[in-house]
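Asks: Dropping the sequence and predicted coords here.
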Amino acid sequence: GEGANTIAGGSIDSLKKVNVTVSLVTKDLPHRPHPHCLVGKDCPNGTGICFVTFNPRNNRRHSFANLGIQCVRRKELDISLQKRRSLNIDPFQSEWETYGIEDMDMNSVRLCFQCELEWQDGRKDHLSPVVSKPIYDKKATTTSQLKITHLNLYEGPCTGKTEVYMLCDKVQKGNRKVF
């Protein structure tokens, strides 16, 4: 039977080349282009996107070695998204005008893989975009786990009413609760 990404009438022999584009999208649905940039060997300078073209008869796999994510400064978020727009990088055809950068999670992204098949007869087929699992910024204070640096007591009575001081690293303003 035909699989999810089977191209009707297609055969590896008539396939000329495969173009793969990798970009960053938001973690949550609906996936939208993310302003952070990909950097690495297959990423042309300043685009924030990776492009790979290969002949499937010679090579059916590609590894993106030394791929990194470069965070964009708050004041450059709009510029970065405009670059994506000018390159026509919007894998899920999101509504650019309804974007709210303030709603975007700047500490997590997903890789989005888009694949275009180019046939010997000139036809082009676009496969559905595929996204990775979320990638989190380990250095971000909002995504990292709190680390207790000091406790004034390590034990106390079950009856309670004992004051305990706990000092932690990376506590965000408004991210505190007392139980």
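Replies: That came in fine, so what should we check first?

Asks: Excluding chain neighbours, what is closest to D78?
Replies: In space, D78 comes closest to I101 once its chain neighbours are excluded; the distance is 7.1 Å by Cβ to Cβ, 6 or more residues apart in numbering. (Glycine included, C-beta is placed from N, CA and C.)

Asks: Tally up the residues packed near the one you found, please.
Replies: Counted with other Cβ atoms under 10 Å, the neighbours of I101 add up to 12.

Asks: ok, now the one 4 residues further on?
Replies: Using other Cβ under 10 Å, D105 has 16 neighbouring residues.

Asks: correct me, but the residue nearest to D78 touches L77?
Replies: Yes: I101 lies in contact with L77 (Cβ atoms under 8 Å); the separation is 5.1 Å.

Asks: Overlap in contacts, the two.
Replies: Applying Cβ atoms under 8 Å, 6 or more residues apart in numbering, one finds that I101 and L77 are jointly contacted by P35.

Asks: would you list every one of the strands in the protein?
Replies: 15-26, 37-39, 50-54, 68-70, 108-119, 124-126, 130-131, 135-136, 147-151, 166-169 (DSSP state E).

Asks: Relative to V130, how far out is the residue nearest the centre of the chain?
Replies: By Cα atoms, centre = their mean, the mean C-alpha position of the chain lies nearest to R110, the distance being 2.3 Å. When distance is defined by Cβ to Cβ, to the nearest Å, R110 is 10 Å away from V130.

Asks: where do the contact lists of these two overlap?
Replies: Counting by Cβ under 8 Å, 6+ apart, R110 and V130 have no contacts in common.

Asks: Could I get the pLDDT score of the residue lying farthest from the centre of the chain?
Replies: Centroid-distance maximum for the chain: T159 at 48.4 Å, with Cα atoms, centre = their mean. Predicted confidence (pLDDT) for T159: 82.

Asks: Over to it: give its phi and psi.
Replies: Backbone geometry at T159, expressed as degrees, to the nearest 10, gives phi -70, psi -10.

Asks: Pull the number of nearby residues for R73.
Replies: When neighbours are counted by other Cβ under 10 Å, R73 registers 9.
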